[in-house]
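J.: pasting a predicted model and its sequence here:
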Amino acid sequence: MALSRATGKDYHPQVFEPSALVSVVARQGSAIVPRYFAKKTTCAMGHKHDSKREAARCAELVTLFRAGKIDSLVFHPVHEFVINGHAVVMANGHKMKFTLDFGYTENGQTVVEDVKSKTGYLSRDVPVKIALLKHLRPDLEVRIVK
């Protein structure tokens with residue numbers, strides 16, 4: 001999903017939503033407790049986010065976008081890893097990809113962001129994927145927002 005500068009409304013036909021699967025660590029009665037206890041939240045723009053912190057960051061970026069400070073705001077951009085023209089395939093047969101929270105252009109530089117909790121905890125695969133993304137796409141600036 002991307003925003004049109006003219007109208008400020010969504011115009012991109014493809015919706016990159018986070019996985020519908022919920023990582024579960026415990027069940028309390030009939031309620032499912034998501035990993036890291038983040039609450040799925042819908043921001044003022046109507047986008048679904050995995051946490052309140054991510055929804056707040058979305059509001060900040062939309063404000064910057066409308067003010068003209070950033071361009072090409074994209075929600076949940078997906079980056080597939082390709083080496084020598086071939087997709088990196090994991091042992092389970094799935095293509096390796098990295099879905100970040102936001103992507104945009106700031107002062108001519110393409111930036112991608114991943115929003116994390118206050119503690120900044122990164123699951124074990126995130127540092128590997130960030131390193132691989134930086135190596136394969138040196139034109140991108142990867143930011144972790146806490």
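T.: Right, received. Where do you want to start?
J.: looking at this structure, which helix is longest?
T.: In the chain, assigned by DSSP state H, the helix with the most residues is helix 52-66.
J.: contacts for the one helix or strand Ile144 maps to?
T.: Assigning secondary structure by DSSP states H and E places Ile144 in strand 140-145. When contacts are defined by C-beta atoms under 8 Å, 6 or more residues apart in numbering, strand 140-145 is touched by residues 57, 100-101, 109-116, 120, 122, 130, 133-134. In short, each C-beta sits where N, CA and C put it, glycine included.
J.: and that strand, which strands flank it?
T.: In the sheet, strand 140-145 lines up against strand 109-115 (parallel) (DSSP bridges).
J.: pLDDT weak spots in this protein?
T.: 1-38, 119-121 (pLDDT under 70).
J.: where exactly do the helices run in it?
T.: Using DSSP H, helices in the chain cover 52-66, 126-136.
J.: and the spatially most central residue of the chain, how far is that from Asp114?
T.: The centre of the chain sits closest to Asp101, judged by C-alpha atoms, centre = their mean, with a distance of 1.5 Å. For Asp101, the distance to Asp114 equals 5 Å [C-beta to C-beta, to the nearest Å].
J.: also Gly46?
T.: Distance from Gly46 to Asp114, by C-beta to C-beta: 21 Å.
J.: so which of these two has more stuff around it?
T.: For the pair Gly46 and Asp114, the greater number of neighbours falls to Asp114 (18 against 9), based on other C-beta atoms under 10 Å.
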